[in-house]
Structures are given as structure tokens and as C-alpha cells.
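Peer 1: After the sequence you'll find the predicted model.
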Amino acid sequence: MNADTQLTTMNATYKSTGTKYNFGAGPSILPKEVFEEASGAIMNFNNTGLSILEIGHRTKLFQPVVEEAVATLKELMQLDSDHEVVYLHGGASTQFFQVPMNLLDEKATAAYTDTDIWGAKAIKEAKLYGKVDVVASSKDKNYTYLPKDFVVDPSSAYLHLTTNNTIYGTQWQDLSLFYDKKVPLVADMSSDILSRQLDFNKFDLIYAGAQKNIGAAGVNVVVVNKNILGKVSRQIPTMMDYRNHIEANSLLNTPPVFAIYVCMLTLRWLKNNGGIAFAEKRNEAKAKLFYETIDNSSIYKGTVAKEDRSKMNTVFVIDNAEVEKEFLSLCEKEGMIGVKGHRTTGGFRISMYNAMSLEGVKALTDLMKYFEQSKA
Ligand SMILES: *Cc1c(COP(=O)(O)O)cnc(C)c1O
């Protein structure tokens, strides 16, 4: 139990109130209000006496849910009328092949950036459909920085990037680097969509698995500029062609009804709580507190280039494996959930998505400071 502990050293105090904080990378924390409303809707959706789990997707009951999910996302992202929003099955990993299937002809070349395991997976799938030119890669240094000096052939079908590298903990801070390349821009924003203000209309296709910043697992958000579609010569299976989903308003077949409902609730929450501007401010405050803590520490070491550090997923190590273990078990005891690093990086990964409070990060950094002092 982690209720009401107080741990003190000469210079550090950590106080627990028994709250659990979930720093897991995904599926991850969502706002408490969303959990409450979604659980109520399982028993009685909008006072209909029916569960959200049993209503037909083409009924008058569900239609407004998907409409609000689309409209709120468009509003939050300030999308222009060329950009369509669809909710699709399959997770972000399905987009790794659905994107090239729709945008890359067999003889054409797409430009890709290789900055994390996710980007590498996207490259592997794209090669099934056409040629891939890896224009920038940080694989040489174990994905610990972002390569900013790159050239894109203007005849490329598109340029693909991962805005936030969930596993290694880097994030493109200046996306304008990508804006003048004169080719359609495609971004995997799975782990930082809606976390900061961007000119989303600069992107021709954005995709994100919902389970990190938007809602429940089981659905993908795809934002696409409709003008880039319909240009490849291959036959596309009905369910894989974005145009069919746009035309059917995300109801081409039975959609993941509950997952879309949770997205709608989370988007509504974000809209009612200051939108992306507010989320960005809070995310900056959390990241500042966190990075100050490791920068002022002699045992916690960040693993990536400072200028590329992610505000969503931060990765750090402790040089001594025994001490790492000890800190990990302290975290478990004190209700800090999901802090263990990805199996490929080791150490620790702290995910601070939109729904994570500043108090949560404060509690964790207090615990880190206490632990360091107790080792001194
Ligand atoms: C989590 C993640 C994925 C994979 O998402 P799935 O929905 O599990 O397929 C892809 N890209 C990035 C950047 C991610 O963070």
C-alpha cells in the first residue's frame, strides 16, 4: 500500500496520498471524467436505458457520437475544408501499410525518416508497395537524436515522419523543417497528437492510434487532405481505401463503437478544458519540472540529445543496475505505474500525455529526489 507515506531525507521530502499515477506509454491514462462517463454509459447510455455496447452503429443514438468526434477534432485542430477526419480500425500499425497502399505507386519513391522503431516499421511496410528513400536516420546512434540535415527529392510521392518517438523519447521541436519540402507530408502523430499547437493543415495525412492521447485502444484517427487521394494506379481493397471511409462518414462497416465513444468524450473534455493551447502549457510545465529534475541529478541520466527531448515520453537510466532495480520497486510500492523502460532501451520511460496532471509529475519527481538523496 502506498497510502499516506512520507519519506524524508535531509533535503528531500516525498509525501504520498495513496493516489496511483499511471505513466504507462499506451494504452494510457485518460481524464477521470472520461472514465466516469464511459462507465456510466455501459449501463445506461444518455438515459436511453440501453448500454453503449448494444446500440446499432447506424442508429440515431450513435450517429451524433461519431459526428461530434469528427467535428470536435476538426475544431481543435482548426482544419480547413480540404482536410477530412475518419476513425478507422487497426491501430497505427495498419496505417504503416494503408498509407503507401493509397499514396505510393509501385514505381514511385516515398521519402521516410528513420528515427525510432515505429518509423522503421513504417519503412518496412512501405517497401511492400513501392520504393523507399530513407532521407534521414538516427539509427547510427541508437535513435538518440534527430537528424535535421536532410534533402528530399521533390519527385517523391510523399515524406513520412514520426513527430514524437515514443520508444526512444525524442520529438521534433521545429516541424517547419518539414514544411518546405514541396511534397505531401505524412505524419505518424500517435504519441503527441493534440499535445501542442501546430499548423495541422501543413500536413496532408496525419494518423494516430487513439490509445495515447485521444481515447481508448481499438481505433485510429486519420486526418487526410482529400486532394492527395485517388492518384495511385493499383486496385485498393474497399476497406483500405480512405475515400470510402470519408464518403461513409467513418461508418463503412461496423466501427469500434465504444472506442469512438471514448474518443468523443476525451475530445469534448479537451475542448472544455482550454483546448490544445491549454494542454500545451500544461505539457510544457510537466516536461520542465521533469527535465530539471534529471538535469540537477547525479544518478538519473537522460539518454537523448537535449534539444530533441520529448515532452510526452522521457527516457532515462541509472548507471547501476542494482540501483535501477531498487528505484523500480520503490516506484511500484508508491503507486508510480508503468515507469519501466521499453525492452529495447532499458532504464525508465515516463509518459506524460495530456491527461497526466502536473501533480502527478510533481509526485514522481519528489520521489526521484528523495531516492537520490537516500542513496547519497
Ligand atoms: C504506439 C505507436 C504506434 C503503434 O500503435 P498501434 O495502435 O499499437 O498499432 C505507432 N507509432 C507510434 C509513434 C506509436 O507511439
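Peer 2: Right, received. Where do you want to start?

Peer 1: got the residues of the stretch 1-150 of the chain near the ligand?
Peer 2: G26, G91, A92, S93, W118 (C-beta under 6 Å from any ligand atom). Glycine gets a C-beta too; all of them are placed from N, C-alpha and C.

Peer 1: who are the neighbours in contact with T344?
Peer 2: I117, I167 (C-beta atoms under 8 Å, 6 or more residues apart in numbering).

Peer 1: For it, give its distance to S329.
Peer 2: Per C-beta to C-beta, to the nearest Å, T344 is found 22 Å from S329.

Peer 1: which residues touch the helix ranked longest in the chain?
Peer 2: Determined from DSSP state H, the single longest helix within the chain is helix 275-295. Applying C-beta under 8 Å, 6+ apart, the contact partners of helix 275-295 are 76-77, 194-197, 270, 273-274, 300-302, 309, 311-312, 314, 316, 350, 352, 354, 356, 358, 361-362, 364-365, 368-369.

Peer 1: so after that helix, what's the next helix or strand?
Peer 2: Next in sequence after helix 275-295, counting helices and strands by DSSP states H and E, comes strand 300-302.

Peer 1: what angle separates the very next helix or strand once past that following strand from helix 275-295?
Peer 2: Downstream of strand 300-302, the first helix or strand assigned by DSSP H and E is strand 313-318. Relative orientation of strand 313-318 and helix 275-295, computed by axes from the mean of the first three to the mean of the last three C-alpha atoms, to 10 degrees: 10 degrees.

Peer 1: and strand 313-318, what other elements does it pack with?
Peer 2: helix 275-295, strand 300-302, helix 321-333, strand 348-351 (3 or more C-beta pairs under 8 Å, 6 or more residues apart in numbering; DSSP states H and E).

Peer 1: and of those, who's closest to Y179?
Peer 2: Ranking the helices and strands packed on strand 313-318 by distance to Y179, with C-beta to C-beta as the measure, places helix 275-295 first at 18.5 Å.

Peer 1: Can you give the domain ranges for the chain?
Peer 2: Annotated domains of the chain cover 6-19+275-374, 36-272 [automatic domain parsing].

Peer 1: Now do D140 against M10, distance only.
Peer 2: Distance check for D140 against M10: by C-beta to C-beta, it reads 44 Å.
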